[in-house]
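J.: Model the following, please.
(2 chains)
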Amino acid sequence: MSRRSKLPKIFFGLISIVVFGALFWQSKVIMLRLGEPAILTGYTLMASMLLLGFFNFRKKLSMIPIGRASTWLAFHVVLGVFALALFGLHVGVFWPQGLYEQMLAGSFYMVSLSGVVGYALQRSLPRRLTQTGVEIIYERIPAELAEIRERVEALVLECTEKSGSDTVAQHYMGTLNWYFQKPRFRLSHFVGGDAGGYWLRGPGGAARRYINDVEKEYFDQIIALAELKSLVDRHFVCQGVMKKWLFLHIPLAVAVIALAIWHLILVNVYVI
Amino acid sequence: MRSLRGYRGRLSLLMGAFVIAIIAAFGFGEDGVNGVSAFNTANPGDLSAAHANFTKDVGCAACHEAHDKTATQWIQAAWTPGNLSKKCSSCHTFDGPAESPHNKTFKIDGAVAKTECAMCHTEHKGAGASVVAMSDQQCHACHEKKFTSFSDGHPKFSKDFPSRRRTAILFNHTSHLDKHFQNKRYVDKAPKQRCVACHDTALADRNVPVRAFEKTCAACHESQIAKRDLQLLTFPEFEANPFDPAEILAACGLTKAAQEEVGELSSDLAKNLADLQDGDGSKDLTARVNEMKAKLGLGDPPTAVEEYESVSTETLPPLAVLLLGVEDGEDPESYTGPMRDLVNAMIESGDEAVLELLSERTKSAKQLLAGMSPELARSVACAWAGNQEYEAPSESSLGGWFADELSINYRPLRHGDPVVRGWLDLAVVAGTPDDVRNLLLSKSEGAGACAKCHSVSREGGADKAVKVEWQFGAQSDQRHVRYQHKPHLNLLGLGASCETCHTLNPDAEYDAGFKHIDPLNFASNFKSIENKTCATCHAKDKVKQECTLCHEYHNDHSIRKKVVSNIQEK
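T.: Coordinates of the predicted model:
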């Protein structure tokens, strides 16, 4: 990461630390005046959560020039950490007493955790995908996989015709066909393993020792396509995870905001 | 085909709708049993055990007015400051306003912010949570003098601490412990165990109460009680006989003296009859008969002042002046009529006449005359109406109401005699004549010698009543300080260990503090306890020393009887 890309995080981070410090100090002051610091921290936390939620809308409003996406991401990440700390200050305990408050806290922790995990994925997976040397748009991957499969099947037919032997065809039907049907070894791709390559070197390439030279020429092309498919699989899995973790993060964030709004109403009606 | 972003958006909407559905379904849920079990979005946690029972009937509305109200009322409530403190005060009572710091025990200059219960007390933290647990920081929120801990910076205890007023009983500890019992006459009665000879450590609590009078003071002071009679009434000197002899004779019969005369008169009568029979005219029979009638009390009343010689030369005592409502107990013109009426009424109705008269002066007349015999009152009245001294059939030795020649008196039966207590209580009532008050409260002459030890005090301003302090009063009337003697006694050991903290101050002018009725103007028998004495143990890394260990915020906190009875019913 370049120094330039770190600047927004440092900037927002410093501001957050100052604001949190001020809130912490002010909470103590309020407490020592026998006031209720949860009012200050609660309203600030509510505002923080709404700002965090606005990040999702900003993505939909990309046509409006309201700052760079990376700056917004930095703001979102820092504000998320700030909100987590503020939540601790507001609640005072890790796990509150009331069932509703427990739902709220549980949802908040899940949003925070999904945010942290998602951010970690966003930081690590692209680097791994860059190392593949392949660039594919996520939505194009199914078509790309189908195209690879068609090319492999064409090579198998041609090999049978040219060599007069069906060894490669038999191997394809018995073993390789499974591999080319859809993305395989997803967990391995997600965690950065090479189970696909290991499989190709093992069961996938086992027929090579039984074929003649003509067949070997075709077989090597098929294995090369299989290796390409492995890279495409990696893209499919990693890009999918990078897109799908938001299926957890955003709906949970919506739930937290809805729960918090009701909590705010109850506090104002019942207590303050 | 919908994009991932589209699916995500739809899922987010579903999640939001799910939350709203949960709130709609359970947001206004049941209160649950004891406010504990039901899922109610408004319930932020279980109530403390102390409060759980109170919500049983009315649920959350017991404290939260907005509960179960309409949407409009909710909106109003959201914009209206909460009034939880008012709800707390519907059960909790204090000696002073609930919303004032320390329930307004202390005089504070300037404006003071209103206090709310929730400033210190937090509920819904679970059944096992303490609602009353406080931190030292909470105390420091208001107190200007801030310090680290008791052993480090706590202000010095007040002068004469822990005494804030004089003792209820005038008991000079210094002279009793170190002077009186040095005298050979009393050395055998000296308290060998010093403090605990009188203070009962078995009952030690905030104070160590004194044992009963009979077990302590009586050995030396009991005999003084019966020596001080209360004189209610005397038969005063009259310039002329105010009574009608015929009426008195009819009501009382012959006086005792007249009955004695009958013996002499019978011989005179026989002699006169013999003279009459002999026709001896040397004697004026009319004069003789008149002389006999006079002796029998049957003659016409003396018409000239000089003919009447009062048997008494007394004046009316202060209590009689009060009783009769006369202006001057030394002026016969002032008291003759009322006294005649009283004596006549006593002849007719005995002690009822005195009771009736005293009832006009005080509501406690029955107590003041308790034990007075109707026969005593009537006999005394008959004797006095006949211008005779009353002769008691026997001398009173047990105490109670008795009469001697020319007075009716009361002798205290024992310590705590209710009749004498009643008269002393009357003495301090506003409007009681000074001479009555001075007589009854005289240390040297007062009835029962009560005032010798029991102080007379008025606490809390001129508008408060003056009262005789009959009970051994609590010395430490510091409502925001709590202290338990018992654990300290057990720790330090019984007996002389009291003097570890309570050191006698031989220079204190203790007795001078009882020459007036202001109990706050006093000198303690003891030197003020010093912080360092307590800090010997209550210090960092030793015994705990937080503010609430010794201080109580509220002033005389209690629960309304209605609430307590409701709980008992449940």
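J.: In the stretch 251-400 of chain B, what residue spans correspond to strands?
T.: Here the stretch 251-400 of chain B has its strands, by DSSP state E, counting those that start in this stretch, at B:400-404.
J.: Could you list the low-pLDDT ranges of it?
T.: Applying pLDDT under 70 to the stretch 251-400 of chain B flags residues B:255-286, B:288-289, B:291-306, B:396.
J.: Can you name the residue of it nearest chain A?
T.: Residue of the stretch 251-400 of chain B nearest chain A, by Cβ to the nearest Cβ: residue B:363 (48.4 Å). Every residue, glycine included, has its C-beta placed from N, CA and C.
J.: Could you pick out the residues of the stretch 51-200 of chain B near chain A for me?
T.: Contact residues (Cβ under 8 Å from any Cβ of the partner chain) of the stretch 51-200 of chain B with chain A: B:60, B:64, B:66-67, B:74, B:77-79, B:81-82, B:84, B:115, B:118-120, B:124-126, B:137-138, B:140-142.
J.: same thing but 10 Å
T.: When proximity is defined as Cβ under 10 Å from any Cβ of the partner chain, the stretch 51-200 of chain B approaches chain A at B:60, B:63-67, B:69, B:73-82, B:84, B:113, B:115-116, B:118-120, B:122, B:124-127, B:129, B:135, B:137-142, B:146.
J.: and the strand or helix carrying residue B:533, how far out from the chain's middle?
T.: Residue B:533 belongs to helix B:531-535 when elements are defined using DSSP states H and E. In terms of Cα atoms, centre = their mean, to the nearest Å, the centre of helix B:531-535 is found 35 Å from the chain centre.
J.: likewise stretch B:176-196?
T.: That offset, for stretch B:176-196, works out to 30 Å (Cα atoms, centre = their mean).
J.: buried set for that stretch?
T.: Within stretch B:176-196, the residues that count as buried by 16 or more other Cβ atoms under 10 Å in any protein chain shown are B:176-177, B:181, B:194-196.
J.: Pick the one among those closest to chain A.
T.: Nearest to chain A among the buried residues of stretch B:176-196, counting by Cβ to the nearest Cβ, is residue B:195 at 41.8 Å.
J.: Could I get the buried residues of stretch B:176-196 in a markdown table, plus columns for secondary structure and pLDDT?
T.: What follows is the buried residues of stretch B:176-196, written out as a markdown table (DSSP: H, G, I helix; E, B strand; the rest coil; pLDDT from 0 to 100):
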| residue | secondary structure | pLDDT |
| --- | --- | --- |
| B:176 | helix | 89 |
| B:177 | helix | 86 |
| B:181 | helix | 85 |
| B:194 | coil | 83 |
| B:195 | helix | 87 |
| B:196 | helix | 87 |
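J.: hmm, which two among the residues you listed are most spread apart?
T.: Using Cβ to Cβ, the pair of the buried residues of stretch B:176-196 lying farthest apart is B:181 and B:196, separated by 15.5 Å.
J.: Could I get the buried residue list for stretch A:178-193?
T.: For stretch A:178-193, the buried set under the neighbour-count rule, 16+ other Cβ under 10 Å, comprises A:179-180, A:183-186, A:188-190.
J.: Could you identify the most distant pair in the residues you listed?
T.: A:180 and A:190 (20.1 Å).
J.: Brilliant, that's me finished.
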